[in-house]
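Chemist: please find the sequence and the predicted model below.
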Amino acid sequence: MLNVKQRQMNLKFLNFYYKNIDGIEGAGTKEAYKKFQKEYGLAVDGIYGKNTDTKLISVIKDIQTKIGTNPDGVAGNNTIAKCKEYQSKNGLAPDGICGSNTRAKLNSNGLSWDNIKHFKKSEFTCKCGCGLNNINLKVVEIADQIREHFGKPCIVNSGCRCTSHNKKVGGVANSRHLSGKAIDLYFQGVSGNTLLSYTKQLVNQGKLRYTYLIGGNAVHIDIL
């Protein structure tokens, strides 16, 4: 398990921790645990247990691999330097902090609709008729994988949402549907529990941030 200083380094790199890296598990560190836990679909208790440790190391290793540095699970000086290089090359502020914008860029690099086999962009347009379609190709790519796994037509209940439509359907104020990072979907002939079992595997693999059952047969999936 990471020591407190290593946790602080990682959480600061991900823009969840803003104080000094002092190795002391104070209120600021525990608050950072909660922010990380909420972002990655873990129990938000502010306690650094096994699940939080495993997820934090996994997230850092994934980023390190993508930016081309040794995936040791600790965001040290070399990781920060490589992050700055990546940010400079990709039109991002080169601050060495792998915040939400940098993570989104890392997760979507190289993707286009040519990579998507089973879906059309129009399937994810806001259902209210406003025309909003800011769907993130990374979450569509994962939906494509799910569709490939089950080998059946997939129905998209909800993709992008404008603020008014999100409110109308009872979505939370910070719903990832607003930023195009969430999809609600189902398959005819596939039970909700069977579908959820598979999407939970994708969460454990770090491909999805969160998933849950909606009604009887549909599931929600979302990414960072």
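Modeler: Nice, thanks for sending it over. Numbers count the residues shown, from 1 in each chain.
Chemist: so where's the protein uncertain?
Modeler: 109-110 (pLDDT under 70).
Chemist: tell me which stretches of it form strands.
Modeler: 154-158, 182-187, 210-214, 218-222 (DSSP state E).
Chemist: show me the longest helix that occurs in this protein.
Modeler: helix 50-67 (DSSP state H).
Chemist: quick one: list the elements packing against that one.
Modeler: helix 4-13, helix 27-39, helix 77-89, helix 100-108 (3 or more Cβ pairs under 8 Å, 6 or more residues apart in numbering; DSSP states H and E). Just so you know, the C-beta spots here come from the backbone N, C-alpha and C atoms, and that holds for glycine as well.
Chemist: which of the ones you listed has the highest mean neighbour count?
Modeler: helix 4-13 (a mean of 21; mean count of other Cβ atoms under 10 Å).
Chemist: which residues are in contact with that one?
Modeler: 2, 17-19, 21-25, 29, 32-33, 35-36, 48, 56-57, 59-60, 73-76, 79-80, 83, 96-98 (Cβ atoms under 8 Å, 6 or more residues apart in numbering).
Chemist: what angle sits between it and helix 50-67?
Modeler: Orientation check (axes from the mean of the first three to the mean of the last three Cα atoms, to 10 degrees): helix 4-13 against helix 50-67 gives 50 degrees.
Chemist: okay, angle between helix 4-13 and helix 77-89 too, please.
Modeler: 0 degrees.
Chemist: the closest residue to residue 58 other than its chain neighbours - how many residues pack around it?
Modeler: Sequence neighbours aside, residue 206 is the residue nearest to residue 58 in space, at 5.4 Å (criterion: Cβ to Cβ, 6 or more residues apart in numbering). By other Cβ atoms under 10 Å, the residues close to residue 206 number 14.
Chemist: for residue 206, what are its contacts?
Modeler: 58-59, 62.
Chemist: please enumerate residues in contact with the longest helix of the chain?
Modeler: 1-2, 7, 10-11, 13-14, 33, 36-37, 40, 42-43, 70-75, 79, 82-83, 85-86, 98, 103, 106, 109, 206.
Chemist: what's near enough to touch the residue most central in space within the chain?
Modeler: With distances taken as Cα atoms, centre = their mean, residue 224 lies nearest the centre of the chain, 2.2 Å away. Counting by Cβ under 8 Å, 6+ apart, residue 224 makes contact with 39-40, 100, 103-104, 107, 181, 209.
Chemist: same deal with residue 198?
Modeler: Contacts of residue 198 (Cβ under 8 Å, 6+ apart): 146, 149-150.
Chemist: format those as TSV; extra columns: distance to residue 160.
Modeler: Converted to TSV, those look like this (distance: Cβ to Cβ, whole Å):
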residue	distance to residue 160
146	18
149	24
150	23
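Chemist: and these, which of them are buried?
Modeler: residue 146 (16 or more other Cβ atoms under 10 Å).
Chemist: could you single out the nearest of the contacts of residue 198 to residue 185?
Modeler: residue 146 (7.4 Å; Cβ to Cβ).
Chemist: and the closest one, how close does it get to residue 21?
Modeler: Distance, residue 146 to residue 21, using Cβ to Cβ, to the nearest Å: 39 Å.
Chemist: circling back: make a markdown table from the helices and strands packed on helix 50-67 and add distance to residue 218 to it.
Modeler: Converted to a markdown table, those look like this (distance: least, Cβ to Cβ, whole Å):
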| stretch | distance to residue 218 |
| --- | --- |
| helix 4-13 | 34 |
| helix 27-39 | 23 |
| helix 77-89 | 36 |
| helix 100-108 | 24 |
